Structure formats: structure tokens, C-alpha cells
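K.L.:
Coordinates only, no sequence provided:
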């Protein structure tokens, strides 16, 4: 028994050392300087033809990738990195324009609008932006796409989903009562606990959330109408939350062309910029999961499983309950 305890302590100490080592390493690791565009590898530069582009060999076009759910940060998306990158490109005289590749189902209104406004600010320099939609550029992804001077889509792209979810409420008060669980929240302000799983929404609270959704919806539709030069009445008829295929989006005027990345690139560099063979530098934020994050996720999942077992419910249901009670407000989905 003593031997087992000693072995367990040794394993725990080793694990702690590893975690500390990884954490310290991540703190002192080098990151891209947000004030300069650096080429990480030769594969990040495409299209360049030194013979044709010798008169503008120092100039470049930035291919910025926006991928994943739009929020503060996740494994594939990082708001600060995007804003820093756009700002750097705006102030870089060598940068001749931007291509934005979007593959996103949408996300938070705040972050989507922030990127949209940053791209609009970039265009005040006179530089152009072309958008290329990947597998999906829906909701917040389409919102951002509206900042482009021209929008291209792959023939298999799904886009649109112009609509707003202001929140979601799951009333589990009866279920909790049957399980012998009573939740009490001490609060001031009758609507402060609005959206809690332990009580139903009142009609007043539904109206509050609806007013927020309507305001965000009007903002979204206004941007589409202005940037796509469409009557607001037509936008409202299109903006019922549905997704569109690339050809459907084209027929409705939501995009400009259904074509390949290569043809879009040729159009931008040769027709728009009149600089064939110019460098195209790929800028993409990639975040690898750290060992610390992996360990924390493992511990969290273990705790959820244990709690669910005590309550006699599936662990997946408990996870959904927790997410419902802490949803990020005002999502485009």
C-alpha cells in the first residue's frame, strides 16, 4: 500500500513538472510581431513571378484566412491577431491589397462587426479587398464578407444564414424539481436571472431578448443592403435565416461570382491591380492545443462525468445544460 502511494506521488510530481515546463515554454516562445508581416516559410508565398514582377518585387498581396467560429479566440480563430494583422496591412506601403478567405459558420455579433469595420477602415487607404468563400461563409461569416469590393464563392459554398439568435433559454425547473434539486439565486433586479435553466422566461423577458435580436437583425440587413446595393425590402425577404448555395446566392445578388481561387486571384492581381505575378503572402492563425489545455479539458470532462453519474443523467446532457446557462449573447448562427 505504501509503495503504491509513493509511486502515485512520484507520478504526480512528474506531471506537475511537465505542466510547468510546457507553461513556461509557451510564455517565452516567439510569436509573430504584430507590427510586421513575416514570411514563415516559402510555401506561404504563391503566385510570384520574379521576371514579370521585377518592377514591384517588394510589393505583395495578403491572403488573410478567417476560419472557425467567430469569437474572441479558439483553436482556429483569434480576434486580436486578425485586428492586428489588418491594421499592419493597412499601414504597410508594400501591401497592395487583400484577399480574405472565409470558412466560418458565424459567431458573435461583436467580433464579426469589429472585423467588418476593420476591413472597411483598411479600404480607406484606397486598397481593395476581394473575398473568397470556402466550404461555408454563413451568418457572421457572410457579415464580414460584405466588406469586400467583390465576393467570390466556390461552387460548393454554403452562405447566407442572414439572421440573429439573441439568446437561448432552456427551462429545466420541473426536471430539477423531480430530481430533488432546488436552485436559488440571490439577486437584485427582476430580470437579472433571465435565461437561467432553473426558471422559465417571462413574457417581459422574451420581449427584451426579441428587441435585442431585432436591433442586431436590422443592422445586419442594413449592411447587406448598402454593401450589395440591394433594396432593403429584398434583403428582408432573403434574410429569413436560411442558407444559400453559391449559385442561389449569385442569383440573388449576395455574391459577385462563382469561380475557383485561382481565377479569383488572377482577376485581382491582373485586372484589379494590374500587377501580374505579384507576391501573394498567406497569413493564417494556427493555434495548437497546449498540453496544459489538454489536461484541463480532461479534468473538466472527468468532473462532468462524475457529477452526471451522481445525478443519474447522461454526461452529454449535463454539458448541454451548462452551455445553455452560459451561452455567449447575441450570436449569428
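P.N.:
Perfect, thanks for sending it. It should be emphasised that the depicted structure is a prediction, and the values quoted were computed from it without experimental measurement.

K.L.:
Okay, helices next: where are they in the stretch 1-150 of the chain?
P.N.:
Per DSSP state H, counting those that start in this stretch, the stretch 1-150 of the chain carries helices over the ranges 2-28, 79-90, 109-122, 140-145.

K.L.:
Can you report how many residues lie near the residue nearest to residue 191 when sequence neighbours are not counted?
P.N.:
Closest residue to residue 191 apart from its sequence neighbours, by Cβ to Cβ, 6 or more residues apart in numbering: residue 205 at 5.7 Å. Using the backbone N, CA and C atoms, a C-beta is placed for each residue, glycine as well. Residues near residue 205, counting by other Cβ atoms under 10 Å, number 18.

K.L.:
What of residue 141?
P.N.:
Neighbours of residue 141 under the rule other Cβ under 10 Å: 29.

K.L.:
quick one: it from residue 280, how far?
P.N.:
Separation of residue 141 from residue 280 (Cβ to Cβ, to the nearest Å): 22 Å.

K.L.:
What of residue 123?
P.N.:
For residue 123 relative to residue 280 (Cβ to Cβ), the value is 19 Å.

K.L.:
Compare the two and say which one has the larger neighbour count.
P.N.:
residue 280 (19 against 16).

K.L.:
dump the residue contacts of the more buried one.
P.N.:
Shown in contact with residue 280 (Cβ atoms under 8 Å, 6 or more residues apart in numbering): 45-48, 60-63, 99, 265, 269.

K.L.:
Widest-spaced pair of these?
P.N.:
Farthest pair in the contacts of residue 280 (Cβ to Cβ) is 48 and 99. Separation: 14.4 Å.

K.L.:
The two: who's more crowded?
P.N.:
Per other Cβ under 10 Å, whichever of residue 48 and residue 99 has more neighbours is residue 99, with 23 against 14.

K.L.:
Tell me the confidence at the more buried one?
P.N.:
Reported pLDDT at residue 99 in the predicted model: 98.

K.L.:
ditto for the one 5 residues further on
P.N.:
Per-residue confidence (pLDDT) for residue 104: 96.
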